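In: What follows is a protein structure lacking sequence information:
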(Lines give C-alpha, C1' and ligand atoms only; values in the text may rest on other atoms or scores of the structure.)
Protein backbone atom coordinates (compact mmCIF):
# COMPACT_ATOMS: atom_id res chain seq x y z
CA UNK A 1 0.00 0.00 0.00
CA UNK A 2 1.07 3.55 -0.58
CA UNK A 3 2.69 5.02 2.54
CA UNK A 4 1.58 1.81 4.28
CA UNK A 5 -1.06 1.20 6.90
CA UNK A 6 0.35 1.28 10.40
CA UNK A 7 -0.14 -0.91 13.44
CA UNK A 8 -0.54 0.66 16.93
CA UNK A 9 3.24 0.37 17.32
CA UNK A 10 3.77 2.57 14.26
CA UNK A 11 5.20 -0.24 12.11
CA UNK A 12 3.83 -1.46 8.76
CA UNK A 13 1.72 -4.62 8.90
CA UNK A 14 3.75 -7.76 8.40
CA UNK A 15 3.66 -9.25 4.91
CA UNK A 16 2.54 -6.14 3.04
CA UNK A 17 4.20 -4.45 0.08
CA UNK A 18 4.51 -0.70 0.62
CA UNK A 19 5.35 2.04 -1.86
CA UNK A 20 6.75 5.26 -0.47
CA UNK A 21 9.40 7.95 -1.04
CA UNK A 22 12.85 6.75 -0.04
CA UNK A 23 15.51 9.40 -0.51
CA UNK A 24 15.17 10.88 -4.00
CA UNK A 25 13.16 7.97 -5.38
CA UNK A 26 9.79 6.30 -4.89
CA UNK A 27 10.46 2.67 -4.02
CA UNK A 28 8.56 -0.55 -3.55
CA UNK A 29 9.50 -1.99 -0.14
CA UNK A 30 8.91 -5.71 0.42
CA UNK A 31 8.54 -7.62 3.71
CA UNK A 32 11.61 -9.57 4.82
CA UNK A 33 10.01 -12.94 5.58
CA UNK A 34 9.40 -14.11 1.95
CA UNK A 35 13.06 -13.51 1.05
CA UNK A 36 15.30 -15.07 3.73
CA UNK A 37 18.18 -15.30 1.26
CA UNK A 38 18.46 -11.51 0.94
CA UNK A 39 20.88 -9.79 3.31
CA UNK A 40 18.65 -6.74 3.77
CA UNK A 41 15.07 -5.70 3.14
CA UNK A 42 14.32 -5.59 -0.58
CA UNK A 43 13.69 -2.05 -1.83
CA UNK A 44 13.47 -1.27 -5.53
CA UNK A 45 12.86 1.99 -7.41
CA UNK A 46 9.71 1.77 -9.52
CA UNK A 47 10.24 4.53 -12.10
CA UNK A 48 7.48 6.88 -10.94
CA UNK A 49 8.72 10.47 -10.52
CA UNK A 50 8.38 12.16 -7.13
CA UNK A 51 5.83 14.77 -8.23
CA UNK A 52 2.29 15.65 -7.22
CA UNK A 53 -0.16 12.85 -7.99
CA UNK A 54 2.35 9.97 -7.85
CA UNK A 55 0.22 8.12 -5.27
CA UNK A 56 -2.52 7.17 -7.78
CA UNK A 57 -0.30 5.17 -10.12
CA UNK A 58 1.73 3.82 -7.20
CA UNK A 59 -1.45 2.45 -5.59
CA UNK A 60 -2.28 0.42 -8.72
CA UNK A 61 1.25 -0.99 -8.85
CA UNK A 62 1.17 -1.82 -5.13
CA UNK A 63 -1.96 -3.93 -5.56
CA UNK A 64 -0.34 -5.88 -8.39
CA UNK A 65 2.89 -6.45 -6.49
CA UNK A 66 0.96 -7.61 -3.42
CA UNK A 67 -0.91 -10.16 -5.55
CA UNK A 68 2.35 -11.40 -7.10
CA UNK A 69 3.91 -11.69 -3.65
CA UNK A 70 0.96 -13.59 -2.21
CA UNK A 71 1.08 -16.04 -5.15
CA UNK A 72 4.79 -16.61 -4.63
CA UNK A 73 5.81 -15.26 -8.04
CA UNK A 74 8.29 -12.77 -6.61
CA UNK A 75 10.28 -15.44 -4.79
CA UNK A 76 13.29 -17.01 -6.53
CA UNK A 77 15.26 -20.17 -5.57
CA UNK A 78 17.36 -19.85 -2.45
CA UNK A 79 14.99 -17.37 -0.80
CA UNK A 80 16.05 -14.58 -3.16
CA UNK A 81 13.93 -11.82 -4.65
CA UNK A 82 12.81 -12.50 -8.23
CA UNK A 83 14.20 -9.35 -9.84
CA UNK A 84 13.41 -10.55 -13.35
CA UNK A 85 9.70 -10.92 -12.57
CA UNK A 86 9.67 -7.52 -10.84
CA UNK A 87 11.12 -5.88 -13.96
CA UNK A 88 8.58 -7.63 -16.17
CA UNK A 89 5.81 -6.02 -14.09
CA UNK A 90 7.40 -2.56 -14.45
CA UNK A 91 7.59 -3.10 -18.22
CA UNK A 92 3.92 -4.11 -18.23
CA UNK A 93 3.00 -0.88 -16.40
CA UNK A 94 5.17 1.13 -18.83
CA UNK A 95 7.49 2.25 -16.06
CA UNK A 96 10.50 0.71 -17.77
CA UNK A 97 11.26 0.04 -21.45
CA UNK A 98 11.29 -3.55 -22.62
CA UNK A 99 15.00 -4.12 -23.22
CA UNK A 100 15.86 -7.65 -24.16
CA UNK A 101 18.12 -9.38 -21.64
CA UNK A 102 20.83 -11.15 -23.63
CA UNK A 103 21.55 -14.63 -22.29
CA UNK A 104 24.74 -15.39 -24.21
CA UNK A 105 28.13 -13.76 -23.89
CA UNK A 106 29.51 -14.86 -27.26
CA UNK A 107 30.12 -12.83 -30.40
CA UNK A 108 28.22 -13.29 -33.66
CA UNK A 109 30.75 -15.86 -34.88
CA UNK A 110 30.33 -17.99 -31.75
CA UNK A 111 33.63 -16.99 -30.17
CA UNK A 112 34.20 -15.51 -26.73
CA UNK A 113 35.22 -11.84 -26.92
CA UNK A 114 38.93 -11.15 -26.39
CA UNK A 115 39.98 -10.03 -22.92
CA UNK A 116 41.01 -6.36 -22.95
CA UNK A 117 44.45 -5.23 -21.80
CA UNK A 118 42.86 -2.61 -19.54
CA UNK A 119 40.12 -3.15 -16.99
CA UNK A 120 36.72 -1.68 -17.67
CA UNK A 121 37.15 1.04 -15.04
CA UNK A 122 40.60 1.91 -16.42
CA UNK A 123 39.03 2.38 -19.85
CA UNK A 124 36.30 4.48 -18.29
CA UNK A 125 38.70 6.66 -16.29
CA UNK A 126 40.80 7.23 -19.41
CA UNK A 127 37.66 8.27 -21.31
CA UNK A 128 36.56 10.65 -18.54
CA UNK A 129 39.95 12.35 -18.68
CA UNK A 130 39.62 12.50 -22.46
CA UNK A 131 36.23 14.26 -22.15
CA UNK A 132 37.08 16.46 -19.17
CA UNK A 133 37.86 19.71 -20.94
CA UNK A 134 34.85 19.49 -23.26
CA UNK A 135 32.28 19.18 -20.47
CA UNK A 136 30.86 21.59 -17.94
CA UNK A 137 32.49 21.03 -14.57
CA UNK A 138 29.19 20.04 -12.97
CA UNK A 139 28.47 17.52 -15.74
CA UNK A 140 31.95 16.04 -15.44
CA UNK A 141 31.92 15.74 -11.64
CA UNK A 142 28.30 14.74 -11.11
CA UNK A 143 27.61 12.52 -14.09
CA UNK A 144 30.82 11.09 -15.55
CA UNK A 145 32.91 10.81 -12.38
CA UNK A 146 29.86 10.52 -10.17
CA UNK A 147 26.68 8.74 -11.19
CA UNK A 148 27.99 6.94 -14.31
CA UNK A 149 31.11 5.70 -12.52
CA UNK A 150 29.06 4.55 -9.52
CA UNK A 151 26.69 2.60 -11.77
CA UNK A 152 29.61 0.78 -13.38
CA UNK A 153 31.34 0.02 -10.10
CA UNK A 154 28.10 -1.25 -8.57
CA UNK A 155 27.54 -3.52 -11.57
CA UNK A 156 31.07 -4.96 -11.45
CA UNK A 157 30.75 -5.73 -7.73
CA UNK A 158 27.27 -7.24 -8.16
CA UNK A 159 28.16 -9.63 -11.01
CA UNK A 160 31.67 -10.35 -9.72
CA UNK A 161 33.39 -9.85 -13.07
CA UNK A 162 33.73 -7.50 -16.05
CA UNK A 163 31.65 -9.53 -18.50
CA UNK A 164 29.91 -6.97 -20.71
CA UNK A 165 26.66 -8.95 -21.02
CA UNK A 166 26.30 -9.47 -17.29
CA UNK A 167 27.11 -5.84 -16.54
CA UNK A 168 24.61 -4.59 -19.10
CA UNK A 169 21.91 -6.96 -17.82
CA UNK A 170 22.50 -5.96 -14.21
CA UNK A 171 22.30 -2.27 -15.06
CA UNK A 172 19.02 -2.77 -16.93
CA UNK A 173 17.51 -4.67 -14.02
CA UNK A 174 18.71 -2.48 -11.17
CA UNK A 175 19.21 1.09 -12.31
CA UNK A 176 17.31 3.90 -14.04
CA UNK A 177 17.06 2.98 -17.71
CA UNK A 178 17.42 6.57 -18.89
CA UNK A 179 20.78 6.79 -17.16
CA UNK A 180 21.79 3.29 -18.21
CA UNK A 181 21.30 4.36 -21.82
CA UNK A 182 23.79 7.20 -21.30
CA UNK A 183 26.24 4.98 -19.44
CA UNK A 184 26.32 2.30 -22.14
CA UNK A 185 26.50 4.87 -24.94
CA UNK A 186 29.49 6.57 -23.33
CA UNK A 187 31.11 3.27 -22.39
CA UNK A 188 30.94 2.24 -26.05
CA UNK A 189 32.60 5.54 -26.99
CA UNK A 190 35.23 4.93 -24.32
CA UNK A 191 36.19 1.62 -25.93
CA UNK A 192 36.38 3.29 -29.34
CA UNK A 193 38.84 5.84 -27.93
CA UNK A 194 40.88 3.08 -26.28
CA UNK A 195 41.00 1.14 -29.55
CA UNK A 196 42.14 4.21 -31.52
CA UNK A 197 44.90 4.81 -28.98
CA UNK A 198 46.02 1.18 -29.16
CA UNK A 199 45.28 0.52 -25.49
CA UNK A 200 43.05 -2.49 -26.18
CA UNK A 201 42.45 -4.84 -29.09
CA UNK A 202 39.98 -3.87 -31.79
CA UNK A 203 36.85 -5.17 -30.06
CA UNK A 204 34.13 -3.08 -28.46
CA UNK A 205 31.97 -5.29 -26.20
CA UNK A 206 29.35 -2.55 -25.72
CA UNK A 207 28.81 -1.54 -29.36
CA UNK A 208 25.68 -3.60 -29.98
CA UNK A 209 24.21 -2.58 -26.61
CA UNK A 210 24.62 1.08 -27.47
CA UNK A 211 22.37 0.67 -30.50
CA UNK A 212 19.86 -1.39 -28.49
CA UNK A 213 19.48 1.18 -25.71
CA UNK A 214 19.35 4.04 -28.21
CA UNK A 215 16.29 2.45 -29.83
CA UNK A 216 14.67 2.16 -26.41
CA UNK A 217 15.16 5.88 -25.95
CA UNK A 218 13.39 6.63 -29.25
CA UNK A 219 10.30 4.78 -28.00
CA UNK A 220 9.53 7.64 -25.69
CA UNK A 221 10.97 6.58 -22.36
CA UNK A 222 11.53 9.53 -20.05
CA UNK A 223 13.62 9.45 -16.91
CA UNK A 224 12.46 10.26 -13.43
CA UNK A 225 12.70 13.94 -12.60
CA UNK A 226 14.84 14.24 -9.47
CA UNK A 227 14.43 17.99 -9.15
CA UNK A 228 11.30 19.96 -9.97
CA UNK A 229 13.46 23.01 -10.49
CA UNK A 230 14.78 22.21 -13.98
CA UNK A 231 16.77 25.41 -14.43
CA UNK A 232 15.63 25.79 -18.01
CA UNK A 233 14.91 29.08 -19.84
CA UNK A 234 12.76 27.35 -22.44
CA UNK A 235 9.52 29.28 -23.05
CA UNK A 236 10.77 32.05 -20.78
CA UNK A 237 8.14 34.44 -22.17
CA UNK A 238 5.26 31.99 -21.79
CA UNK A 239 2.91 33.79 -19.38
CA UNK A 240 1.23 30.50 -18.43
CA UNK A 241 4.51 29.52 -16.77
CA UNK A 242 4.62 32.66 -14.64
CA UNK A 243 2.66 34.04 -11.73
CA UNK A 244 0.83 37.36 -12.02
CA UNK A 245 2.16 40.16 -9.82
CA UNK A 246 -0.96 39.92 -7.65
CA UNK A 247 -0.07 36.26 -7.08
CA UNK A 248 3.53 37.26 -6.31
CA UNK A 249 2.26 39.64 -3.63
CA UNK A 250 0.07 36.84 -2.21
CA UNK A 251 3.09 34.52 -2.01
CA UNK A 252 5.26 37.15 -0.33
CA UNK A 253 2.53 38.13 2.13
CA UNK A 254 2.02 34.49 3.12
CA UNK A 255 5.75 33.90 3.61
CA UNK A 256 6.25 37.10 5.60
CA UNK A 257 3.34 36.41 7.96
CA UNK A 258 3.97 32.68 8.48
CA UNK A 259 6.56 32.05 11.20
CA UNK A 260 7.25 28.58 9.79
CA UNK A 261 8.66 29.97 6.53
CA UNK A 262 9.20 33.69 7.20
CA UNK A 263 12.97 33.17 7.26
CA UNK A 264 12.81 32.64 3.47
CA UNK A 265 11.07 35.96 2.77
CA UNK A 266 14.20 37.90 1.73
CA UNK A 267 15.49 35.11 -0.52
CA UNK A 268 12.17 34.57 -2.28
CA UNK A 269 11.50 38.29 -2.71
CA UNK A 270 14.99 38.78 -4.14
CA UNK A 271 14.31 36.11 -6.76
CA UNK A 272 11.03 37.77 -7.75
CA UNK A 273 12.60 41.25 -7.88
CA UNK A 274 15.59 40.27 -10.03
CA UNK A 275 14.75 37.14 -12.03
CA UNK A 276 18.14 35.64 -11.17
CA UNK A 277 18.62 31.90 -11.33
CA UNK A 278 18.48 30.04 -8.01
CA UNK A 279 22.21 29.29 -8.03
CA UNK A 280 22.97 32.95 -8.79
CA UNK A 281 20.91 34.08 -5.79
CA UNK A 282 22.68 31.56 -3.55
CA UNK A 283 26.08 32.64 -4.93
CA UNK A 284 25.59 36.41 -4.51
CA UNK A 285 28.36 37.97 -2.36
CA UNK A 286 28.24 41.31 -0.56
CA UNK A 287 31.00 42.65 -2.76
CA UNK A 288 28.61 42.17 -5.69
CA UNK A 289 26.27 44.77 -4.16
CA UNK A 290 27.55 48.08 -5.55
CA UNK A 291 25.86 50.66 -3.33
CA UNK A 292 27.77 53.58 -4.83
CA UNK A 293 26.87 52.55 -8.38
CA UNK A 294 23.32 51.54 -7.47
CA UNK A 295 23.57 48.14 -9.13
CA UNK A 296 24.29 44.46 -8.57
CA UNK A 297 26.98 42.47 -10.35
CA UNK A 298 25.77 38.97 -11.21
CA UNK A 299 28.94 37.02 -11.95
CA UNK A 300 28.80 33.66 -10.20
CA UNK A 301 26.51 30.75 -9.42
CA UNK A 302 26.75 28.17 -6.67
CA UNK A 303 26.40 24.46 -7.33
CA UNK A 304 25.12 22.60 -4.27
CA UNK A 305 25.87 19.32 -5.98
CA UNK A 306 29.65 19.84 -6.18
CA UNK A 307 29.72 22.52 -3.46
CA UNK A 308 31.60 25.00 -5.62
CA UNK A 309 31.15 28.52 -6.95
CA UNK A 310 31.22 28.68 -10.75
CA UNK A 311 30.94 31.32 -13.46
CA UNK A 312 27.41 32.18 -14.57
CA UNK A 313 25.88 30.39 -17.54
CA UNK A 314 27.36 32.71 -20.18
CA UNK A 315 30.60 33.17 -18.21
CA UNK A 316 30.57 36.99 -18.20
CA UNK A 317 29.33 39.35 -15.44
CA UNK A 318 26.11 41.27 -15.97
CA UNK A 319 24.70 44.28 -14.15
CA UNK A 320 21.30 44.67 -12.57
CA UNK A 321 20.01 48.18 -11.65
CA UNK A 322 19.34 48.85 -7.96
CA UNK A 323 18.15 52.48 -7.64
CA UNK A 324 18.62 54.13 -4.27
CA UNK A 325 15.61 53.65 -1.96
CA UNK A 326 13.89 51.37 -4.47
CA UNK A 327 12.39 48.01 -3.46
CA UNK A 328 15.55 46.05 -4.17
CA UNK A 329 17.74 48.62 -2.40
CA UNK A 330 15.53 48.54 0.71
CA UNK A 331 15.41 44.74 0.70
CA UNK A 332 19.20 44.39 0.72
CA UNK A 333 19.59 47.20 3.26
CA UNK A 334 17.32 45.26 5.62
CA UNK A 335 19.80 42.36 5.70
CA UNK A 336 22.78 42.63 8.09
CA UNK A 337 25.77 43.21 5.81
CA UNK A 338 28.68 40.78 6.04
CA UNK A 339 32.23 40.69 4.74
CA UNK A 340 32.83 41.28 1.00
CA UNK A 341 33.19 37.55 0.27
CA UNK A 342 30.27 36.48 2.49
CA UNK A 343 27.11 35.29 0.77
CA UNK A 344 24.17 37.67 1.09
CA UNK A 345 21.61 34.92 1.69
CA UNK A 346 22.39 32.13 4.18
CA UNK A 347 20.58 29.19 5.70
CA UNK A 348 19.22 29.40 9.24
CA UNK A 349 22.47 27.85 10.47
CA UNK A 350 24.56 30.51 8.71
CA UNK A 351 25.76 28.18 5.95
CA UNK A 352 25.24 28.06 2.18
CA UNK A 353 21.57 27.61 1.29
CA UNK A 354 20.76 24.05 0.27
CA UNK A 355 18.73 24.13 -2.94
CA UNK A 356 16.99 20.82 -2.26
CA UNK A 357 15.79 22.04 1.14
CA UNK A 358 14.58 25.33 -0.31
CA UNK A 359 12.70 23.37 -2.99
CA UNK A 360 11.08 21.31 -0.23
CA UNK A 361 9.99 24.49 1.60
CA UNK A 362 8.54 25.80 -1.66
CA UNK A 363 6.79 22.67 -2.94
CA UNK A 364 6.47 20.47 0.16
CA UNK A 365 7.90 17.05 0.96
CA UNK A 366 5.54 14.55 2.54
CA UNK A 367 8.22 12.10 3.68
CA UNK A 368 9.77 14.87 5.82
CA UNK A 369 6.41 16.32 6.88
CA UNK A 370 7.16 19.64 5.15
CA UNK A 371 4.06 21.48 4.00
CA UNK A 372 5.01 23.55 0.97
CA UNK A 373 4.33 27.27 0.49
CA UNK A 374 2.71 26.86 -2.91
CA UNK A 375 0.50 23.83 -2.12
CA UNK A 376 -0.75 25.66 0.98
CA UNK A 377 -1.65 28.76 -1.06
CA UNK A 378 -3.40 26.60 -3.66
CA UNK A 379 -5.39 24.95 -0.87
CA UNK A 380 -6.35 28.41 0.42
CA UNK A 381 -7.54 29.40 -3.07
CA UNK A 382 -4.96 32.19 -3.42
CA UNK A 383 -3.11 30.43 -6.26
CA UNK A 384 -4.50 28.31 -9.09
CA UNK A 385 -1.39 26.41 -10.17
CA UNK A 386 1.94 25.06 -9.02
CA UNK A 387 5.10 26.45 -10.57
CA UNK A 388 8.61 25.42 -9.46
CA UNK A 389 11.03 27.85 -7.73
CA UNK A 390 12.86 28.53 -10.99
CA UNK A 391 9.73 30.14 -12.38
CA UNK A 392 10.25 33.18 -10.20
CA UNK A 393 12.58 34.00 -13.09
CA UNK A 394 9.83 33.53 -15.68
CA UNK A 395 7.56 35.68 -13.52
CA UNK A 396 10.01 38.59 -13.34
CA UNK A 397 10.77 38.52 -17.08
CA UNK A 398 7.15 38.31 -18.26
CA UNK A 399 6.14 41.01 -15.77
CA UNK A 400 8.80 43.42 -17.04
CA UNK A 401 8.08 42.75 -20.74
CA UNK A 402 4.26 42.47 -20.77
CA UNK A 403 3.11 44.50 -17.76
CA UNK A 404 5.76 47.19 -17.38
CA UNK A 405 6.64 47.45 -21.08
CA UNK A 406 10.42 47.21 -20.77
CA UNK A 407 12.18 46.36 -24.02
CA UNK A 408 12.82 42.60 -24.16
CA UNK A 409 16.46 43.24 -25.13
CA UNK A 410 16.98 45.22 -21.93
CA UNK A 411 15.35 42.51 -19.82
CA UNK A 412 17.60 40.06 -21.64
CA UNK A 413 20.64 42.07 -20.59
CA UNK A 414 19.46 42.09 -16.97
CA UNK A 415 18.70 38.37 -16.84
CA UNK A 416 20.85 36.90 -19.62
CA UNK A 417 17.89 34.83 -20.75
CA UNK A 418 18.28 34.99 -24.54
CA UNK A 419 19.98 31.84 -25.79
CA UNK A 420 20.16 33.14 -29.35
CA UNK A 421 21.50 36.61 -28.62
CA UNK A 422 25.24 37.03 -28.89
CA UNK A 423 27.38 38.30 -26.05
CA UNK A 424 28.37 41.26 -28.28
CA UNK A 425 24.72 42.26 -28.48
CA UNK A 426 24.49 42.27 -24.68
CA UNK A 427 27.54 44.51 -24.48
CA UNK A 428 26.04 46.90 -27.04
CA UNK A 429 22.90 47.49 -24.95
CA UNK A 430 24.45 47.19 -21.47
CA UNK A 431 24.78 50.94 -21.01
CA UNK A 432 21.17 51.57 -22.00
CA UNK A 433 19.95 48.73 -19.78
CA UNK A 434 21.73 50.22 -16.75
CA UNK A 435 19.62 53.40 -17.06
CA UNK A 436 16.25 51.60 -17.09
CA UNK A 437 14.72 50.60 -13.77
CA UNK A 438 12.54 47.50 -13.26
CA UNK A 439 8.94 48.21 -12.26
CA UNK A 440 6.87 46.17 -9.83
CA UNK A 441 3.15 46.03 -9.13
CA UNK A 442 0.05 46.42 -11.30
CA UNK A 443 0.65 47.43 -14.95
CA UNK A 444 -0.58 51.02 -14.43
CA UNK A 445 1.54 51.54 -11.34
CA UNK A 446 4.70 50.05 -12.79
CA UNK A 447 4.44 52.01 -16.03
CA UNK A 448 4.12 55.21 -14.03
CA UNK A 449 7.13 54.21 -11.91
CA UNK A 450 9.27 53.63 -14.99
CA UNK A 451 8.19 56.95 -16.52
CA UNK A 452 9.02 58.78 -13.29
CA UNK A 453 12.38 57.06 -13.08
CA UNK A 454 13.11 57.97 -16.72
CA UNK A 455 12.40 61.60 -15.91
CA UNK A 456 14.74 61.41 -12.90
CA UNK A 457 17.45 59.85 -15.08
CA UNK A 458 16.99 62.66 -17.61
CA UNK A 459 17.36 65.29 -14.89
CA UNK A 460 20.49 63.55 -13.65
CA UNK A 461 21.97 63.59 -17.14
CA UNK A 462 21.12 67.29 -17.54
CA UNK A 463 22.62 68.12 -14.14
CA UNK A 464 25.77 66.21 -15.02
CA UNK A 465 26.06 68.10 -18.33
CA UNK A 466 25.60 71.43 -16.55
CA UNK A 467 28.31 70.56 -14.04
CA UNK A 468 30.70 69.69 -16.86
CA UNK A 469 29.94 73.00 -18.54
CA UNK A 470 30.61 74.89 -15.27
CA UNK A 471 33.92 73.08 -14.85
CA UNK A 472 34.88 73.91 -18.42
CA UNK A 473 34.10 77.62 -17.79
CA UNK A 474 36.24 77.57 -14.64
CA UNK A 475 39.18 76.10 -16.55
CA UNK A 476 38.74 78.73 -19.29
CA UNK A 477 38.78 81.54 -16.72
CA UNK A 478 41.91 80.11 -15.12
CA UNK A 479 43.69 80.08 -18.52
CA UNK A 480 42.62 83.69 -19.20
CA UNK A 481 43.91 84.76 -15.75
CA UNK A 482 47.28 83.11 -16.37
CA UNK A 483 47.60 84.69 -19.85
CA UNK A 484 46.89 88.17 -18.52
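Out: Cool, the structure landed. Everything quoted here is computed from the prediction, not taken from an experiment.
In: All the strands of this structure, residue numbers only.
Out: Applying DSSP state E to the chain gives strands spanning 18-22, 25-29, 43-45, 75-76, 80-81, 289-290, 295-298, 300-303, 308-311, 318-321.
In: How about residues contacting the fifth one?
Out: In other words, strand 80-81. 30, 35, 37-38, 42, 74-75 (CB atoms under 8 Å, 6 or more residues apart in numbering). (C-beta placed from N, C-alpha, C; glycine too.)
In: How many residues are close by the residue nearest to residue 385 when sequence neighbours are not counted?
Out: Nearest-residue entry for residue 385: residue 378, 7.4 Å, with adjacent residues in sequence omitted and distances by CB to CB, 6 or more residues apart in numbering. Taking other CB atoms under 10 Å as the criterion, the count of residues near residue 378 is 15.
In: cool, residue 311 as well?
Out: Going by other CB under 10 Å, the residues that sit close to residue 311 add up to 12.
In: ok, now residue 79?
Out: Applying the criterion other CB under 10 Å, we find 12 residues in the vicinity of residue 79.
In: for the stretch 101-250 of the chain, what are the low-confidence residue spans?
Out: Under the criterion of pLDDT under 70, the regions of the stretch 101-250 of the chain flagged as low confidence span 101-117, 210-232.
In: rerun that using 90 as the cut-off
Out: Counting by pLDDT under 90, the stretch 101-250 of the chain contains low-confidence residues at 101-119, 121-122, 125-126, 128-151, 153-182, 185, 188, 191-240.
In: give the contact list for residue 340.
Out: Residue 340 is in contact with 285-287, counting by CB under 8 Å, 6+ apart.
In: can I get those residues in TSV with distance to residue 344 and pLDDT?
Out: Formatted as TSV, the contacts of residue 340 follow (distance: CB to CB, whole Å; pLDDT from 0 to 100):
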residue	distance to residue 344	pLDDT
285	7	96
286	6	97
287	10	95
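In: Between the residues you listed, which sits nearest residue 401?
Out: Proximity of these to residue 401 (CB to CB) peaks at residue 285, which lies at 28.7 Å.
In: Residue 39 - how many residues pack around it?
Out: Counted with other CB under 10 Å, the neighbours of residue 39 add up to 6.
In: List the backbone torsions phi and psi for it.
Out: Listed backbone geometry of residue 39 is phi -70, psi -30, with angles given as degrees, to the nearest 10.
In: Please list only the buried members of the contacts of residue 340.
Out: 285-286 (16 or more other CB atoms under 10 Å).
In: which of the contacts of residue 340 lies closest to residue 159?
Out: Taking CB to CB as the measure, residue 285 is the one of those closest to residue 159, at 48.1 Å.
In: who does the closest one bridge with?
Out: With DSSP bridges applied, the residues forming beta bridges to residue 285 are residue 343.
In: wait, isn't it in contact with residue 337?
Out: No - shown here, residue 285 and residue 337 do not form a contact pair, counting by CB atoms under 8 Å, at 11.1 Å.
In: The nearest residue to residue 62 once chain neighbours are set aside: how many residues sit nearby?
Out: What sits nearest to residue 62 in space, not counting adjacent residues and going by CB to CB, 6+ apart, is residue 19, at 4.8 Å. When neighbours are counted by other CB under 10 Å, residue 19 registers 24.
In: so where's the stretch 351-484 of the chain shaky on pLDDT?
Out: Applying pLDDT under 90 to the stretch 351-484 of the chain picks out residues 355-356, 364-371, 404-405, 407-410, 412-413, 415-484.
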